[in-house]
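>>> model this:
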Amino acid sequence: MTESGAYRQAYDAAAADPDAFWLDAARAIDWDVAPTIALDSSNAPFHRWFPDGRLNTCVNALDRHVAAGAGDRTALIHDSAMTGARVSFTYAELLDRVSRFAGALAARGVGAGDRVVLYMPMIPEAVVAMLACARLGAVHSVVFGGFAAKELAARIDDADPVAIVTATGGLEPGRTVDYVTPVAAALAMSTSSPRAVFLTRRPEIDIEAPGDWLDFHRELDAAAPADPVSVAATDPLYILYTSGTTGKPKGVVRDNGGHAVALRWSMTNIYDVGPGQVMWTASDVGWVVGHSYIVYGPLLAGATTVLYEGKPVGTPDAGAFWRVIEEYGVRALFTAPTALRAVRKVDPEAALLRDHDVSSLETLFVAGERLDPDTFAWASRILDRPVVDHWWQTETGWAICANLRGLEPMPLKSGSPTVPVPGFHVGIVDGSGAEVPAGTEGNIVLELPLPPGTLTGLWQDDDRFLSSYLAAFDGYYLTGDSGYVDEDGYVYVLGRTDDVINVAGHRLSTGSIEAVVGAHPAVAECAVIGIHDETKGQRPSAYVVLKTGVDIDDDTLRSELVAAVREDIGAVATFRDVTVVQALPKTRSGKILRKTMRQMVDGDEVVVPSTIEDASVLDALAALFRA
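Next up, the predicted model:
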């Protein structure tokens with residue numbers, strides 16, 4: 001970590017006097033009542049940011065840019081590789097739609113503090129509905145489109161919404177996804193009774209809906225525009241549910257004020273994106289990444305955001321990313337490692353990249369799961385641009401560690417998301433909570449209080465918030481990840497703490513073994529899990545997907561991988577199990593379901609996660625394990 005320079009100055013300032021640092025950052029936001037206090041710790045560990053401030057997040061995302069004369073600037077580009085649709089909205093046009101849909105919600109009884117559940121595909125109406133809720137001071141809860149009715153019902157029960165906003169369905173390569181049936185089923189099994197359901201009818205998906213559901217566009221067109229509602233900075237902006245170990249989803253709560261300040265600061269200092277520049281986050285509005293950097297972050301900064309409906313491959317090919325970058329002049333692309341591996345698997349030499357001018361691209365940002373060194377090297381080579389791994393969670397809402405491209409770009413290190421972002425104090429502790437020396441793996445924790453923009457708690461469940469995140473180590477937030485910090489202060493995130501295996505008394509990170517396996521030229525992606533071993537307790541077992549067109553027999557591949565792991569990790573890993581599979585089970589956000597794979601191998605009861613992308617992949621693995 002640098003001893004001087006802009007980063008060190010910012011990091012030290014945020015640590016020494018967080019009130020001064022974050023009140024200064026808050027000046028980038030328009031307030032109805034400007035805060036005079038940054039941090040309120042009177043009810044610790046339930047810390048609150050900007051407790052005496054009032055604002056409206058929608059005003060900061062839209063109105064203020066229009067008022068400043070930037071109404072003709074492009075705010076939102078919708079690009080659907082599924083339908084061929086290309087449509088853009090200026091700030092003035094988006095504000096008009098948002099204010100009128102806010103009026104439609106208000107006409108059906110939605111007010112400040114009420115909840116609205118969104119179950120939407122990647123279409124502009126999703127963004128409009130989110131911002132309309134923010135305009136009213138209502139709390140939106142976006143559920144990823146495609147979740148089963150039971151999972152949707154659980155979220156409806158917990159949030160108890162006044163209204164539901166949905167669409168007839170989503171589009172994926174080769175199929176359509178019906179949304180009407182699961183929404184109707186979820187409402188039937190839910191104990192909550194929303195007053196209204198708003199439906200966007202997609203011409204590609206003609207499904208009959210219940211007669212009392214309201215047409216989204218008809219209601220929007222008939223409504224009077226709603227004025228923004230001033231809310232306390234500490235009032236909730238949204239609830240975003242993440243999977244819980246008990247099976248009951250955890251409703252992460254994000255506030256208005258801290259969220260706006262943190263995301264606005266991050267756009268300048270992490271992503272180096274400002275007014276009029278284009279940011280494309282290739283995610284979904286159902287995930288935290290979509291909340292933060294498809295919708296709120298770029299619009300708070302006055303930038304242009306791209307809403308993309310499609311895949312990195314297959315819509316129509318592995319050149320989809322490069323086409324979008326060229327077409328819209330994308331400055332910063334944010335995607336997941338799994339998307340890059342999908343492109344590399346189909347087009348390992350990036351031949352399709354040569355068909356597109358991507359000179360506008362300054363930086364490729366990657367998050368979602370660990371960026372393996374081989375994918376980092378491949379992306380860096382084909383793009384000849386900085387490939388920035390950064391690490392964060394649904395709970396934090398923005399990056400814990402990053403290479404701050406707008407503040408002070410730092411040397412990139414493969415396998416590391418670089419350094420802690422100002423405001424985050426990262427510690428590495430052992431099982432007893434004692435800090436460990438540099439280079440030693442341990443539990444990654446964050447010293448309290450967390451900075452603005454992070455979760456303020458779990459929806460109506462303080463006890464679970466404390467037990468899930470704060471009880472393990474006094475004074476710290478438990479990230480659930482393991483890793484270490486090197487002598488330069490760079491953080492290395494090796495994986496979830498339950499991805500550390502014990503081989504004959506030696507604790508080994510499956511992430512470090514995956515890095516070796518993934519570096520083999522035949523391997524597109526891989527997962528390494530610990531399986532039971534009668535002698536050693538556990539041993540690592542690798543499941544690999546080969547690159548398209550690769551011709552290598554299983555025995556040769558196994559011997560080469562075993563030799564590579566022995567050389568890089570050592571004989572202590574006792575690595576010998578290699579299985580070639582057609583695909584790995586993943587969530588829709590791209591995370592490999594390693595825990596589920598371990599449960600299957602060990603013969604434990606398996607509850608298929610609601611977030612799974614393709615359940616048939618698990619079925620194929622189950623058959624393989626039984627054999």
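>>> ok, and for stretch 539-547, which residues are buried?
539, 540, 541, 542, 543, 544, 545, 546, 547 (16 or more other C-beta atoms under 10 Å). Using the backbone N, CA and C atoms, a C-beta is placed for each residue, glycine as well.
>>> Report the beta-bridge partner residues of the closest residue to residue 146 other than its chain neighbours.
Excluding its sequence neighbours, the residue lying closest to residue 146 (C-beta to C-beta, 6 or more residues apart in numbering) is residue 177, at 5.3 Å. Per DSSP bridges, the residues bridged to residue 177 are residue 170.
>>> is it true that residue 177 touches residue 170?
Yes: counting by C-beta atoms under 8 Å, residue 177 touches residue 170, with 4.2 Å between them.
>>> for the stretch 501-627 of the chain, what are the low-confidence residue spans?
By pLDDT under 70, the low-scoring segments of the stretch 501-627 of the chain are 502, 504-509, 534-537, 570-572, 589, 627.
>>> got the residue ranges for the helices in it?
Along the stretch 501-627 of the chain, the segments classed as helices by DSSP state H, counting those that start in this stretch run 510-518, 554-568, 594-602, 615-626.
>>> buried sites along the first one?
Right, helix 510-518. Result for helix 510-518 [16+ other C-beta under 10 Å]: buried residues 510, 511, 512, 513, 514, 515, 516, 517, 518.
>>> what's the spacing between the second one and residue 370?
Spelled out, that is residue 511. The gap separating residue 511 from residue 370 is 6 Å, by C-beta to C-beta, to the nearest Å.
>>> do the third one as well
Shown here: residue 512 relative to residue 370, a distance of 10 Å by C-beta to C-beta.
>>> Repeat that for the fifth one.
The span separating residue 514 from residue 370 equals 8 Å under the rule C-beta to C-beta.
>>> How about the first one?
If you measure residue 510 against residue 370 using C-beta to C-beta, the figure is 10 Å.
>>> tell me, what's touching the two both at once?
Here residue 510 and residue 370 have residue 495 as joint contacts, going by C-beta atoms under 8 Å, 6 or more residues apart in numbering.
>>> which stretches of the stretch 101-250 of the chain have low pLDDT?
243-247.
>>> Now do the strands in it.
For the stretch 101-250 of the chain, the strands defined by DSSP state E, counting those that start in this stretch cover 115-120, 139-144, 163-167, 169-172, 175-178, 196-200, 214-215, 231-232, 236-242, 250-255.
>>> could those strands go into JSON lines alongside mean neighbour count and distance to residue 340?
Compiled in JSON lines, the strands of the stretch 101-250 of the chain are given as follows (neighbours: other C-beta atoms under 10 Å; distance: least, C-beta to C-beta, whole Å):
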{"stretch": "strand 115-120", "mean neighbour count": "26", "distance to residue 340": "26"}
{"stretch": "strand 139-144", "mean neighbour count": "26", "distance to residue 340": "21"}
{"stretch": "strand 163-167", "mean neighbour count": "27", "distance to residue 340": "29"}
{"stretch": "strand 169-172", "mean neighbour count": "22", "distance to residue 340": "20"}
{"stretch": "strand 175-178", "mean neighbour count": "14", "distance to residue 340": "24"}
{"stretch": "strand 196-200", "mean neighbour count": "23", "distance to residue 340": "31"}
{"stretch": "strand 214-215", "mean neighbour count": "16", "distance to residue 340": "40"}
{"stretch": "strand 231-232", "mean neighbour count": "22", "distance to residue 340": "39"}
{"stretch": "strand 236-242", "mean neighbour count": "24", "distance to residue 340": "24"}
{"stretch": "strand 250-255", "mean neighbour count": "25", "distance to residue 340": "27"}
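>>> Which neighbours do residue 511 and residue 370 have in common?
494, 495.
>>> Identify the contacts common to residue 512 and residue 370.
With C-beta under 8 Å, 6+ apart, residue 512 and residue 370 have common neighbours residue 494.
>>> on that earlier part again, so which of the buried residues of helix 510-518 is the closest to residue 327?
The closest of the buried residues of helix 510-518 to residue 327 turns out to be residue 518 (C-beta to C-beta; 31.1 Å).
>>> and the closest one, what is it in contact with?
Residue 518 neighbours (C-beta under 8 Å, 6+ apart): 372, 373, 374, 375, 525, 526.
>>> Please parse this protein into its domains.
6-310+390-483, 504-626 (automatic domain parsing).
>>> May I see the ones you listed organised as CSV, with distance to residue 379 added?
Converted to CSV, these look like this (distance: least, C-beta to C-beta, whole Å):
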stretch, distance to residue 379
domain 6-310+390-483, 11
domain 504-626, 13
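>>> tell me the most buried of those?
domain 6-310+390-483 (a mean of 20; mean count of other C-beta atoms under 10 Å).
>>> first to last residue in that domain, what's the distance?
For domain 6-310+390-483, the first-to-last residue distance is 26 Å (C-alpha to C-alpha, to the nearest Å).
>>> does residue 587 really touch residue 610, like I thought?
No: in this structure, residue 587 is not within contact of residue 610 by C-beta under 8 Å, at 9.1 Å.
>>> Just put the helices of the stretch 501-627 of the chain in CSV and tack on distance to residue 9.
Converted to CSV, the helices of the stretch 501-627 of the chain look like this (distance: least, C-beta to C-beta, whole Å):
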stretch, distance to residue 9
helix 510-518, 33
helix 554-568, 38
helix 594-602, 39
helix 615-626, 48
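>>> These: which one's closest to residue 239?
helix 594-602 (24.3 Å).
>>> quick one on the thing from earlier: who touches both of residue 177 and residue 170?
Common neighbours of residue 177 and residue 170 (C-beta under 8 Å, 6+ apart) are 121, 145, 146.
>>> between those residues, which is nearest residue 362?
The closest of those, once distances to residue 362 are taken by C-beta to C-beta, is residue 121, at 29.5 Å.
>>> Just to be sure, residue 333 is in a strand?
Yes: the assignment for residue 333 by DSSP: H, G, I helix; E, B strand; the rest coil puts it in a strand.
>>> how close does it sit to residue 620?
Taken as C-beta to C-beta, the span from residue 333 to residue 620 is 32 Å.
>>> Please apply the same query to residue 235.
Counting by C-beta to C-beta - residue 235 and residue 620 are separated by 47 Å.
>>> Report the spatially nearest residue to residue 574, omitting neighbours in sequence.
residue 539 (5.3 Å).
>>> pretty sure that neighbour is touching residue 528, no?
No: judged on C-beta under 8 Å, residue 539 makes no contact with residue 528 at a distance of 10.5 Å.
>>> bridging residues for residue 197?
Beta-bridge partners, per DSSP bridges, of residue 197: residue 164.
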